[in-house]
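Undergrad: Here is the input, now give the coordinates:
(3 chains)
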Amino acid sequence: MTNPQTVPVTPNSANEETPLLKIRGLEVGFETQRGVVQAVRGIDLTLYQGQSLAIVGESGSGKSTTAQAVIGLLPGTGKVLGGSIEFEGNDLTKFSDAQFSEVRGSQIGYVPQDPMSNLNPVWSIGFQVQEAIEANGIAQGKEARQRTIEVLNEAGLSDASERLKQFPHQFSGGMRQRVLIGIGLSARPKLLIADEPTSALDVTVQRQILDHLQTLTRDYGTSVLFITHDLGLAAERAEQLVVMYKGKVVESGPSREILENPQHPYTQRLVAAAPSLASRRIQSIKSNTSSENDLKIFGQGSLDDALIARAASREAGAKTDLIKVNNITKVYEIRKQGFRKDKLLAVNDISFGVKKGTTTALVGESGSGKSTVAKLILQLEPLTGGSIEFDGVDLAGIKGDELLKFRRRVQPVFQDPYGSLDPQYSVGNTIAEPLLAHRIGTPKERFNRVSELLDQVSLPQATRHRYPGELSGGQRQRVAIARALALKPDVLILDEAVSALDVLVQGQVLNLLTELQTELDLTYLFITHDLAVVRLVADNVCVMQGGRIVEAATTDEVFENSKNPYTQELLEAIPGANIKLGA
Amino acid sequence: MPTNNTGHHRPGQKHFIASLAETPVAEIDQVDETGKARSTWTDAWESMRRRPMFWISSVLILLIVVVAAFPSLFVTYSPTECYLKFSNGDPQAGHPLGFTRQGCDVYSRIIFGTQASVTIGLLTTIMVTLFGGIIGALAGFYGGILDSFVSRIGDIFFAIPTVLGAIVVISVIPVRDAMSVSFVLALFAWPQIARIMRGSVLSARNSDYVTASAALGVSRFKTLIRHVIPNAIAPVIVIATVSLGIFIVAEATLGFLGIGLPGTVMSWGNDINQARVTVRTHPQTLLLPSAALSVTVLAFLMFGDVVRDALDPEARARR
Amino acid sequence: MLWYAGKRFLQMIPVFFGATFLIYFMVFAVPGDPIAALYGDHPPAPGVIETIRAEYNLDKPFIIQYLLYIGGLFQGDLGTTFSGRSVTDVMAQAFPITARLAMLALAIEAFFGIIVGLVAGLRKGKLFDASALVISLLLISVPTFVVGFVLQFIFGIQLGWARTTVSGAAPWGELILPAIVLASVSFAYIVRLTRASVADNLGADFVRTATAKGLSRRRVVTVHVLRNSLVPVVTYLGVDIGSLMVGAIVTEGIFNINGVGGTVYRAITLGEGPTVVSFVAVMVIIFVLANLLVDLLYAALDPRIRYAN
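TA: Numbering: from 1, shown residues only, chains lettered A, B, ... in the order given. Here you go, the predicted structure:
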């Protein structure tokens, strides 16, 4: 570093052809008990001043490790094994700790992934921002305090001066992320690394924050290195794409080119599996206007033609409601200071029906009450008001055998594939548990039923003896589905069942669910925050906000002709929704 | 390397496509069928058996338990055959550690004293783990009034330090034997295990697999037994192992104060108490049983440490 | 914060009554003649039994006995010792000595424990860390009374650097050796706790973010890692006051210190039951009050507690 303190406000046009960041042949490994495991295997990447570039990949692709290597913060036993990372011509891999701390903050800013864990809980927000400003020599003392307020205002916290003394736990996730963006940009770095900056946030908040980040970096001429798993988001926010797979770059280049014409089979899979992009396929099948600019359907891992065809031909038939929810309300009592109790209206007078053999989606952001509805229907929590009918019978006060009978017919699949399986139970025992609980069959019959179920969810028979800890997220979710199917239910309540999965795995599970629905005539209540997925699987949609249903209609109506401003906002916020493909 | 040459590209930013030979695309999400199936317990075992500390502490504990169970196998002279002519005598053939003030063989007394310490350590641990564990599990799982009640009662017992409480009660109970001393220690020590079990059960109770098991129609109590307790027991096992050592220290402290087991019972605490008078002239009669005591406690502490590392899910995740 | 302090204080009240009730109950509700049991093998002087009976209102129902005791407590009457002296008087003289000893011990264990734990946590897996772990395990497994005798023997008798017994007034200087003895086990626990906490925090996301801000390593370690690691250590200190009390009985006994612990020690070895009970009850009350203070300190360190609903 010749002079790390210089902070150019405008991009230097003189070195148009000297990249700001040039990575060549970078290799990163982690030392484990079983030897060195390579996470990054020789990647190249070039980023110029003022540009934005996104590294896209699934978990384990090495995308975050690459970012951490650039800023010299590899976790644990991580080490750069080879190659170079040139930042303005200086090789960062040869930097000492002291040299790195000169570059961090002032030259390279960093916005981390999870706003909940990235601010120190014991220091005030103001302290943590001011600390960054002072450490990078931007200002000291009173001046630094003034600058802190400016930085936070710029990051979108309008009441910053009043909130400086507050602590992270008093801020919402979105606000904390704004603080982190403020910290990352506080010293006007030339490069900002944004590692999944919004993946923990609701879509509408995500959109606002990304828009804001885009404005700021454009104004300051900051280059941005995005790390993301979301191809739609990457293509929408970055000019350049680098697609990583198992530690290598499989394809890179201008975003538009890659999206329109993916060449590597892996990229093709990714493009084909992205729900946000798949909606376009549905559109084109429906309108019968296939053209050259359509996204092509690529082999394995993509969303099946069957799924797409089913999605295109969904209609609200004149079937009967299997589940009928009438004016239900759920109030939670929250203990506040003293003996006061606050009432939280989680579900506020909502009604809807789920028709037999169809999929109804319940969409909403966190806190909308959608998961509470799932618990209420599953009879896991008592209703405060209203009634729920299943197959014509009011569920109020059912217990004993009646309740067991109901449980056999309505089964849940939960979001977190790591939490919904008991880690101490083998897969075989997990799937057999409902049979055992309802005393169905002999041990031999149960054994055979488990085999059949493993086949149904396309898991090899050997999986029976494995434990959840040995399976991937997608495989666990298949086990959870197999367990839910064990009692041959009529209804599956899928609570964010695919939200935590990588996009290719998500595609696979969605395909599986569509197949099973046709094969077993299942009814789905599909609870999700992700409208793009809804487009693929649902016949009817209920949009929830603040405990109420703000719009209920067929999927087509919602996507093509929504009248509700909140629904429109959600639709707009789907990453990749605004990409214009085909010139 | 095939490249797409449409449009203007700055150096290094051309549309690059890796050759398929170098980046083969694997099946999505295949089940790894290699290797043995590994449950959390086999995992813990695998990580434990690679630690030398595990083997050292296990062998020590095994030895201590055998000595406690069959002390006569290890001695040639009776610990109660004491001759005042040997009072505070130096080591000699057959008496490697010398004699106590009363002229008893120090080595034999240490061997025979093992039983008292190990018995009280074990008994107290069993009582505390069973009582505290069950109470904590029920309070954490069922919550509500039961939980509030148990927690408040626990707070009260917790406010009385174990040995302090034991000093008061022991000074008034009519019979002092291994059972009653263990009971008194357990009386003031159970809230710790109850608190740990409660917290652990509470976090297991809120996991999705418990909700799932309710939705499957498994009864509440069966869910507690089959899913919640097996997943919540690990921290209790760790604390129980460490506590065993701590209870042995507590018993010795009571013995040192002269209110442990009656003087007629052979125990390290009593011998240390007896040796106090001559500590300035013959420190070894005090230090030798103390060393035996410390080695025993150390063995259980080391074992607890290894078990903690093996069962700690975060430590496992970091591997 | 004020709200939190008030809440803690209210929560302390049932614990206070519960704990004193419990001790009272344990002593006076055991089968047999409690007075005889209290005196064990040392039969009291003639007339003492009657005095004791009257003192503890043994002729009245149990609950009345307890209420009378509590009533006395609030009027500053903590009971009577074996020899008939008022516990309050003995406390007035002995408590300052024990308080000094305990403060010295707390300062020693906290200061050295945190420093050693911090260095070990920062060098996890290195030689320093491994030795710190082994030494702390050893210290925990050697009971306080053994450490007391060993240090007394080495520094008092062999080297002659310190007095083997502490004089009546117990000046600070003479209390250093006993304080080290008293601190030894807790020091080991604090080392282990700090080490684990520092190692955890080093891997925390907010520490990575702090480094990414451009802060120096020194600042990251002190302001973010160490500061956060203090929270569990302070929580531990609360529990530790309890073990310090037991330790004080042993240590003051060995070094012949005229503090609260020494008084209890002599009462135990002489079989003076009533004295033991009165003083232990007072110790438990001090423990409850000290824990209230620690809770407030904890809240001062952790804003999540301070501002929680």
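Undergrad: Tell me who's in contact with the closest residue to A:Leu180 other than its chain neighbours.
TA: Leaving aside its sequence neighbours, A:Leu180 sits nearest to A:Val111 (CB to CB, 6 or more residues apart in numbering or on different chains; 5.4 Å). Where C-beta positions appear, they are placed from N, C-alpha and C, glycine not excepted. Going by CB atoms under 8 Å, 6 or more residues apart in numbering or on different chains, A:Val111 touches A:Gln177, A:Leu180, A:Ile181, A:Gly184, A:Leu192, A:Ile193, A:Ala194, A:Asp195, A:Pro197, A:Leu213.
Undergrad: For A:Val111, give its distance to A:Leu210.
TA: Using CB to CB, to the nearest Å, one obtains 11 Å as the distance from A:Val111 to A:Leu210.
Undergrad: cool, B:Val238 as well?
TA: 45 Å.
Undergrad: So, low pLDDT: which residues of the chain?
TA: All of this is about chain A. Along chain A, segments meeting pLDDT under 70 span A:1-16, A:277-306, A:308-319, A:335-340, A:577-583.
Undergrad: my bad, the chain I had in mind was chain C
TA: For chain C, the ranges with pLDDT under 70 are C:28-60, C:82, C:308-309.
Undergrad: change it to 50
TA: Filtered on pLDDT under 50, chain C yields the residue ranges C:309.
Undergrad: Within range of chain A, give me the residues from it.
TA: Proximity of chain C to chain A is confined to C:3, C:203-217, C:219, C:223-224, C:227-228, C:231, C:301-304, C:307, C:309 under the rule CB under 8 Å from any CB of the partner chain.
Undergrad: Can you classify A:Leu536 as helix, strand or coil?
TA: Following DSSP: H, G, I helix; E, B strand; the rest coil, we place A:Leu536 in the helix state.
Undergrad: Wait, it touches A:Leu307, no?
TA: Yes - assessed by CB atoms under 8 Å, A:Leu536 is found in contact with A:Leu307 at 6.4 Å.
Undergrad: Name the residues contacting each of the two.
TA: A:Leu510.
Undergrad: re the thing from before, look up which residues are beta-bridged to the residue nearest to A:Leu180.
TA: Bridge pairing for A:Val111 (DSSP bridges) gives the partners A:Ala194.
Undergrad: gap between it and A:Lys63?
TA: From A:Val111 to A:Lys63 the distance is 15 Å (CB to CB).
Undergrad: cool, and C:Phe62?
TA: Per CB to CB, C:Phe62 is found 71 Å from A:Lys63.
Undergrad: Compare these two and say which is more crowded by neighbours.
TA: Each of C:Phe62 and A:Lys63 has its neighbours counted (other CB atoms under 10 Å in any protein chain shown); A:Lys63 has more, 28 against 13.
Undergrad: Next, the contact list for that one, please.
TA: Contacts for A:Lys63 were tallied using CB under 8 Å, 6+ apart; they are A:Ile55, A:Val56, A:Gly57, A:Ile227, A:Thr228, A:His229, A:Met244.
Undergrad: Try it again at 7 Å.
TA: Shown in contact with A:Lys63 (CB atoms under 7 Å, 6 or more residues apart in numbering or on different chains): A:Ile55, A:Gly57, A:Ile227, A:Met244.
Undergrad: what do you get for C:Trp161?
TA: C:Phe155 are the contacts of C:Trp161 under CB under 7 Å, 6+ apart.
Undergrad: Report the contact partners of the residue in chain C positioned nearest to chain A.
TA: Among all residues of chain C, C:Gly214 sits closest to chain A, at 2.5 Å; criterion: CB to the nearest CB. Going by CB under 7 Å, 6+ apart, C:Gly214 touches A:Ser101, A:Arg104, A:Gly105, A:Ser106, A:Ala132, A:Ala135, A:Asn136.
Undergrad: Redo the residues you listed as a markdown table? Include secondary structure and neighbour count.
TA: Listed next are these as a markdown table, based on DSSP: H, G, I helix; E, B strand; the rest coil; neighbours: other CB atoms under 10 Å in any protein chain shown:
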| residue | secondary structure | neighbour count |
| --- | --- | --- |
| A:Ser101 | helix | 24 |
| A:Arg104 | strand | 25 |
| A:Gly105 | coil | 28 |
| A:Ser106 | coil | 25 |
| A:Ala132 | helix | 28 |
| A:Ala135 | helix | 22 |
| A:Asn136 | coil | 25 |
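Undergrad: Return the member of those residues nearest to chain C.
TA: Taking CB to the nearest CB as the measure, chain C lies nearest A:Gly105 of the contacts of C:Gly214, at 2.5 Å.
Undergrad: Could you pull out the helices in the stretch 51-200 of chain A for me?
TA: In the stretch 51-200 of chain A, the helices defined using DSSP state H, counting those that start in this stretch lie at A:63-70, A:97-103, A:125-135, A:141-154, A:160-163, A:173-185.
Undergrad: Tell me if the longest one is near chain C.
TA: No - under the criterion of CB under 7 Å from any CB of the partner chain, helix A:141-154 makes no contact with chain C; the nearest approach is 12.0 Å.
Undergrad: List the contacts of that helix.
TA: Applying CB under 7 Å, 6+ apart, the contact partners of helix A:141-154 are A:126, A:129-130, A:133-134, A:138-139, A:160-161, A:164, A:179, A:182, A:186, A:216.
Undergrad: Tell me which two of the residues you listed sit farthest apart.
TA: Spatially, the most separated pair among the contacts of helix A:141-154 is A:Glu134 and A:Leu216, at 21.0 Å (CB to CB).
Undergrad: for chain B, longest helix please?
TA: helix B:106-142 (DSSP state H).
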